[in-house]
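Undergrad: missing the sequence, but the structure's below:
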């Protein structure tokens with residue numbers, strides 16, 4: 001029996017099994033739903049193969065890591081639902097393991113290059129003037145910058161260069177991205193705090209937002225908070241709450 005070092009889907013501890021408890025429960029629930037909704041035990045091998053291959057193709061096409069995890073669990077769930085043997089279940093394990101290996105060794109030409117970020121920065125220049133002399137890219141960023149300068153009176157940097165570790169760069173590849181650096185919107189050295197304002201809602205932007213949150217939040221030696229376009233009407237109130245939290249934190 002194969003001994004697995006970790007969950008083949010999310011990477012969490014799985015006690016030697018291919019899935020952790022959380023992923024296994026998702027697959028099992030999907031398996032139950034398939035049997036309830038479609039009576040999969042009445043399907044022949046070709047029917048199951050079509051469902052299996054469609055799900056596998058969907059996994060290969062998506063760059064959203066959360067969605068990919070969900071679809072991988074569904075793929076295994078198809079194997080759970082097939083009542084006659086373990087063929088589709090074992091095939092799901094093999095395909096997912098192979099897919100994860102492929103994602104960490106993607107050809108450089110298949111990745112969205114960091115130059116794409118640099119091109120975006122050139123196409124959307126920081127030309128909005130702030131009271132402290134900084135130039136930013138949106139009115140929301142200006143509101144944040146002006147508040148930090150005038151109201152909070154905190155020294156801050158705009159879009160400092162943030163170098164990624166090799167593990168973080170590998171994670172970027174799993175998202176189909178190639179990055180050595182991020183440029184977080186604001187850094188406040190007094191609180192060792194990075195603040196991002198995510199101002200868009202399209203799919204590619206959301207993928208990068210998810211990636212940034214995952215990486216910044218995993219760093220134990222920094223503080224990180226973020227705001228989104230949904231916060232635009234209460235932006236400064238939320239910012240004030242964030243700063244007050246860290247102000248009180250360093251007092252204790």
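TA: Thanks, I have the structure now. Quantities reported herein were computed from a predicted structural model and do not represent experimental measurements. Numbers count the residues shown, from 1 in each chain.
Undergrad: give me the low-pLDDT residue ranges for the stretch 1-150 of the chain?
TA: 1, 37-44, 63, 65, 101-122 (pLDDT under 70).
Undergrad: ranges for the helices of it?
TA: Ranges of helices within the stretch 1-150 of the chain are 21-38, 45-61, 65-81, 87-104, 114-123, 139-146, based on DSSP state H, counting those that start in this stretch.
Undergrad: Adding mean neighbour count and distance to residue 185, write these out as CSV.
TA: (Each C-beta comes from the backbone N, C-alpha and C, glycine too.) Below are the helices of the stretch 1-150 of the chain laid out as CSV (neighbours: other Cβ atoms under 10 Å; distance: least, Cβ to Cβ, whole Å):
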stretch, mean neighbour count, distance to residue 185
helix 21-38, 16, 32
helix 45-61, 14, 31
helix 65-81, 22, 22
helix 87-104, 16, 28
helix 114-123, 12, 12
helix 139-146, 19, 6
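Undergrad: Including distance to residue 164, could those go into CSV?
TA: Listed next are the helices of the stretch 1-150 of the chain as CSV, based on distance: least, Cβ to Cβ, whole Å:
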stretch, distance to residue 164
helix 21-38, 26
helix 45-61, 25
helix 65-81, 16
helix 87-104, 15
helix 114-123, 10
helix 139-146, 22
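Undergrad: need the helices for the stretch 151-252 of the chain, in chain order.
TA: 166-174, 203-218, 235-251.
Undergrad: Format the ones you listed as a markdown table; extra columns: mean pLDDT.
TA: What follows is the helices of the stretch 151-252 of the chain, written out as a markdown table (pLDDT from 0 to 100):
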| stretch | mean pLDDT |
| --- | --- |
| helix 166-174 | 87 |
| helix 203-218 | 88 |
| helix 235-251 | 93 |
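Undergrad: Kindly reformat those as a markdown table containing distance to residue 95 and mean neighbour count.
TA: Output for these, formatted as a markdown table (distance: least, Cβ to Cβ, whole Å; neighbours: other Cβ atoms under 10 Å):
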| stretch | distance to residue 95 | mean neighbour count |
| --- | --- | --- |
| helix 166-174 | 16 | 16 |
| helix 203-218 | 22 | 16 |
| helix 235-251 | 43 | 14 |
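Undergrad: These: which one's closest to residue 78?
TA: helix 166-174 (22.8 Å; Cβ to Cβ).
Undergrad: Just name whatever secondary elements that closest one is in contact with.
TA: helix 87-104, helix 203-218 (3 or more Cβ pairs under 8 Å, 6 or more residues apart in numbering; DSSP states H and E).
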